[in-house]
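Enquirer: dropping a prediction and its sequence here:
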Amino acid sequence: MSKFLFITKPFVVEPLGIMYLSGSLRRAGHDTYWLTTGDNLEKEVGKLSPDFVGYSVMTGDHKFFDEVNKNLRSKFDFFSVAGGPHPTFFPNYIYGSSFDAVCVGEGDSALVDLVNNPENNVVDNFSKKLYQEFDTVVFKNPLRHLVGNLDELPFPDRELIYSRDESQRNNPIKHFIAGRGCPYKCTYCFNHCYNDLYKGKGKMVRFRSVDNLLDEVEDVVAKYPTKFVYFQDDTFILNKGWLEEFSRKYSGRINIPFHAHVRANLVSEDKIKLLKNANCFSVHIAVESGNDRLRNDVLKRNMSEKQIYDACSLLHKYGIKFMLQNILGLPTGSLKNDFETLEMNIKCKPTYAWASIFQPYPGTDLAKLCLEKGLIEESNLDDIQSSFFDRSLLNICNRKETEYLQKLFAVATDYPIIYYSGLLKTLLKLPDDSKVRGLLNKLYKAYRKTSDEKLYGMKL
């Protein structure tokens, strides 16, 4: 039996990824623990003396976690593992880093195999260092097949988090995942890369059985304060047959208000009725851009204006609140195109109009386009941040105005007179200084909190 410590940044939403991994490790007989970078890591790691330390690493945090691990490794003896999006798409991250191994792709069973036998250099999904007297050799192993039957996985280990974080335990909103995989090929997202990575390794899109999912929800509701259920899946309404069964059984077994993500091109009146009958309170819809060329030719969203407007109309008709997600500062776009996106949101009248600033995540098709068009230097891709709210990395016109618009987007959607009177364009011309940015950040955070409370029907 080994002691495995997960280290994350402090977070708002419970980290289901490491909770799933912890569930698999515990089922295999190992002990798991969790700390954040906000803790006194040297003190806590010294007290715990873990055999393994693991990090889930997003692009943008890869340098940060390498430094955290390097510092701890200089003081303590443990085997360090990095997994998550960045090592998955950049497995060469292991070279020059302080990690002993990196995991590519799904780690549920692979991590258990590694912890069961850390001396074994042949573990699927892992690149692993072998330290020799005068050299270090890296063993790069192939991917195993995707987990075919998600019902075989243990439920996420919520006690990993809840035992140390009372605010997460008592949070009235609890998060769940109904399935894995996405069939779409949006150019700004890693999913198309992930699908290529796992080609021939099993079915990409997999749903848990409805009963298995509801068993987990019932278990959580019975053990922890829960007033609202949040399903994180990007394609919750993809399978109509599954959705019909879910609607019937959820309303009978759970019936707590819930939130889900839907795609406009998948929305139909029948599906919205099923969501409403199951007690769906709110949804997300990713619009991304109000400009047809950007949305479909550049982003490959493959959805028409009509599909977006029709989907929003149906949500209004059935009284389901919704957030529209948007991306500003897109490559080959302009500030004028961002105003088109704002105009679409004004017409759709969402509960909350959420906007981010485009980030050229390395390895995605859209990042490659940015490089080809000279919108960014390859060396600058390594400066990408984990936050997609603060700044644009692209060499674009009106960068400052785009960054200001992101903070004012939701307010201007709710109060269109700000835009149509010309006041918004005046505000975007304010001096680019820390004081103005600070005020806009405060406005954004306050407005987002109020809007989130509307989406979830409760004080947060």
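Expert: Cool, the structure landed.

Enquirer: can you list contacts of the longest helix belonging to the chain?
Expert: In the chain, assigned by DSSP state H, the helix with the most residues is helix 434-456. For helix 434-456, the external contacting residues (C-beta atoms under 8 Å, 6 or more residues apart in numbering) are 173, 228, 259, 281-282, 321-323, 351-352, 354, 389, 404, 406-408, 410-411, 430, 459-460. No exception for glycine: its C-beta is placed from N, CA and C like everyone else's.

Enquirer: give me the neighbour count for Leu111.
Expert: When neighbours are counted by other C-beta atoms under 10 Å, Leu111 registers 26.

Enquirer: without its sequence neighbours, what residue ends up closest to it?
Expert: In this structure, Leu111 finds its nearest non-sequential neighbour in Leu21, 5.7 Å apart by C-beta to C-beta, 6 or more residues apart in numbering.

Enquirer: doesn't the one you found fall inside a helix?
Expert: Yes: counting by DSSP: H, G, I helix; E, B strand; the rest coil, Leu21 is found in a helix.

Enquirer: packing partners of the helix or strand encompassing Ala110?
Expert: Secondary structure from DSSP states H and E places Ala110 in helix 108-116. Here helix 108-116 touches helix 16-27, strand 79-83, strand 101-103, strand 126-131, going by 3 or more C-beta pairs under 8 Å, 6 or more residues apart in numbering; DSSP states H and E.

Enquirer: now, the contacts of helix 434-456 that are in helices?
Expert: If you go by DSSP H, the contacts of helix 434-456 have 404, 406-408, 410-411 in helices.

Enquirer: farthest pair within the residues you listed?
Expert: Greatest spatial distance among the ones in helices among the contacts of helix 434-456 (C-beta to C-beta): Tyr404 and Ala410, at 13.1 Å.

Enquirer: which of the two has more neighbours?
Expert: The neighbour comparison of Tyr404 against Ala410 (other C-beta under 10 Å) goes to Ala410, with 24 against 20.

Enquirer: next one: phi and psi at the residue nearest the centre of the chain?
Expert: A centroid search over the chain (C-alpha atoms, centre = their mean) returns Gln232, at 8.5 Å, as the residue closest to the centre. In terms of degrees, to the nearest 10, the main-chain angles of Gln232 are phi -90, psi -10.

Enquirer: contacts only, for it.
Expert: Contacts for Gln232 (C-beta under 8 Å, 6+ apart) come out as 16, 175-177, 261.

Enquirer: let me see the contact set for the residue lying closest to Tyr419 once chain neighbours are set aside.
Expert: Leaving aside its sequence neighbours, Tyr419 sits nearest to Ala412 (C-beta to C-beta, 6+ apart; 4.8 Å). Contacts were defined as C-beta under 8 Å, 6+ apart; by that measure Ala412 touches 342, 346, 418-419, 424.

Enquirer: out of those residues, name the ones that lie in strands.
Expert: Applying DSSP state E to those, no entry is found in strands.

Enquirer: and the two most separated of these?
Expert: Spatially, the most separated pair among the contacts of Ala412 is Ile346 and Leu424, at 11.3 Å (C-beta to C-beta).

Enquirer: neighbour count winner among these two?
Expert: Leu424 (22 against 18).

Enquirer: hmm, that one is touching Ile418, no?
Expert: Yes: in this structure, Leu424 is within contact of Ile418 by C-beta atoms under 8 Å, at 5.0 Å.

Enquirer: need the strands for the stretch 51-200 of the chain, in chain order.
Expert: Remark: strands assigned in the stretch 51-200 of the chain by DSSP state E, counting those that start in this stretch are 52-56, 79-83, 101-103, 126-131, 136-140, 173-176, 179-180.

Enquirer: please tell me the pLDDT value assigned to the residue nearest to Leu111.
Expert: Turning to Leu21, the model gives it a pLDDT of 98.

Enquirer: what's it in contact with, if anything?
Expert: Taking C-beta under 8 Å, 6+ apart as the test, what Leu21 contacts is 6, 54, 83, 107-108, 111.

Enquirer: out of those residues, which is nearest to Asp61?
Expert: Distances from Asp61 to the contacts of Leu21, taken as C-beta to C-beta, are shortest for Gly83 (12.5 Å).

Enquirer: what sits against the residue lying closest to that closest one once chain neighbours are set aside?
Expert: Of all residues not flanking Gly83 in the chain, Cys103 sits nearest, at 3.7 Å (C-beta to C-beta, 6+ apart). Listed by C-beta under 8 Å, 6+ apart, the contact set of Cys103 reads 81-84, 87-88, 110-111, 125-126.

Enquirer: let me know the closest of those to Asp61.
Expert: Comparing the contacts of Cys103 against Asp61 with C-beta to C-beta places Gly84 closest, at 8.8 Å.

Enquirer: the nearest residue to that closest one once chain neighbours are set aside: neighbour count?
Expert: Nearest non-adjacent residue to Gly84, counting by C-beta to C-beta, 6+ apart: Ser56, 3.8 Å away. Residues contacting Ser56 under the criterion other C-beta under 10 Å number 23.

Enquirer: what do you get for the one 5 residues further on?
Expert: A count of neighbours around Asp61, defined by other C-beta under 10 Å, yields 21.
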